[in-house]
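Engineer: Got a predicted structure plus its sequence, pasted below:
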Amino acid sequence: MDNLTDLKAIWHTAKTDSLPTSAEMLKLIKQFRRQRLKKKWMIIIGASFLTVVMVFGMITYHSKLLTTLIGEVLIIASMVLLAATNIKSLKRFYQLDDCSNLEFLDFIEQTRQNQIYYYKKTQVAIMLLCSVGLLLYMYELASRHQSWFIGIYAGISVYLLVIWLVVRPYFFKKNAKKLSNVRIRLEKLSKQLK
């Protein structure tokens, strides 16, 4: 009987302050899902809107150089690819409606893997298409005004370098940290349940 008393004493003295309650977990899961769905829908709507604007621009403005047309097509392709990848991932988030903590933990890990793949492969392809498209698209404007040529391409180059080397890694680290924090809280809860 002594062991049972010792076990009760240990059980009652265990500190569980840092562990989330079940209500917090449900709130965390719903908030995570809602934020991600909102972000994905905004990206899809934004990319679709910009695609429509670009197509409208192609119809109304008839470029004289082939480089402008190729640039427009590459920019449109990048926006379509961006929207398509987000539409594809919407399905996963809509299936997240009712799940257990362990299923959500698996979902978070899969999301982390998808995030790494997106950063290394998909985002590079989208940004490469858009960057080359922008450089080609601006050539006609820059070639009309020789005095602007260096300024336009220097500005675009600086802009693209900042996007590639500063903004892109910053947002990846920021999103990875958020996802990691969610995963850590869930793992604490899972360990408590085991």
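Structural biologist: Looks like it came in fine.
Engineer: Neighbours of Val80, how many?
Structural biologist: Residues lying near Val80 (other Cβ atoms under 10 Å) number 15. In this view, the C-beta of every residue, glycine as well, is placed from N, C-alpha and C.
Engineer: That one: helix or strand, and which one exactly?
Structural biologist: helix 66-94 (DSSP states H and E).
Engineer: Could you give me the buried positions within that helix?
Structural biologist: 67-79, 81-83, 85-86, 89, 93 (16 or more other Cβ atoms under 10 Å).
Engineer: Let me know the angle separating the helix or strand harbouring Arg112 from helix 66-94.
Structural biologist: Here Arg112, judged by DSSP H and E, is contained in helix 101-117. If you take axes from the mean of the first three to the mean of the last three Cα atoms, to 10 degrees, helix 101-117 sits at 170 degrees to helix 66-94.
Engineer: Against which helices or strands is helix 101-117 packed?
Structural biologist: Under the contact criterion of 3 or more Cβ pairs under 8 Å, 6 or more residues apart in numbering; DSSP states H and E, helix 101-117 touches helix 66-94, helix 168-193.
Engineer: hmm, try it at 10 Å
Structural biologist: Under the contact criterion of 3 or more Cβ pairs under 10 Å, 6 or more residues apart in numbering; DSSP states H and E, helix 101-117 touches helix 22-60, helix 66-94, helix 168-193.
Engineer: Serialize those helices to TSV and add fields for distance to Val158 and mean pLDDT.
Structural biologist: TSV is the format used below for those (distance: least, Cβ to Cβ, whole Å; pLDDT from 0 to 100):
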stretch	distance to Val158	mean pLDDT
helix 22-60	22	87
helix 66-94	19	91
helix 168-193	15	79
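Engineer: So for Arg144, which of these sits nearest?
Structural biologist: helix 66-94 (11.0 Å; Cβ to Cβ).
Engineer: any idea of the angle the closest one forms with helix 22-60?
Structural biologist: Going by the same axes, to 10 degrees, helix 66-94 makes 160 degrees with helix 22-60.
Engineer: host element of Cys99?
Structural biologist: Counting by DSSP H and E, Cys99 is found in no helix or strand.
Engineer: I'd like to know how many residues surround the residue lying closest to it once chain neighbours are set aside.
Structural biologist: What sits nearest to Cys99 in space, not counting adjacent residues and going by Cβ to Cβ, 6 or more residues apart in numbering, is Phe107, at 6.8 Å. Residues lying near Phe107 (other Cβ under 10 Å) number 19.
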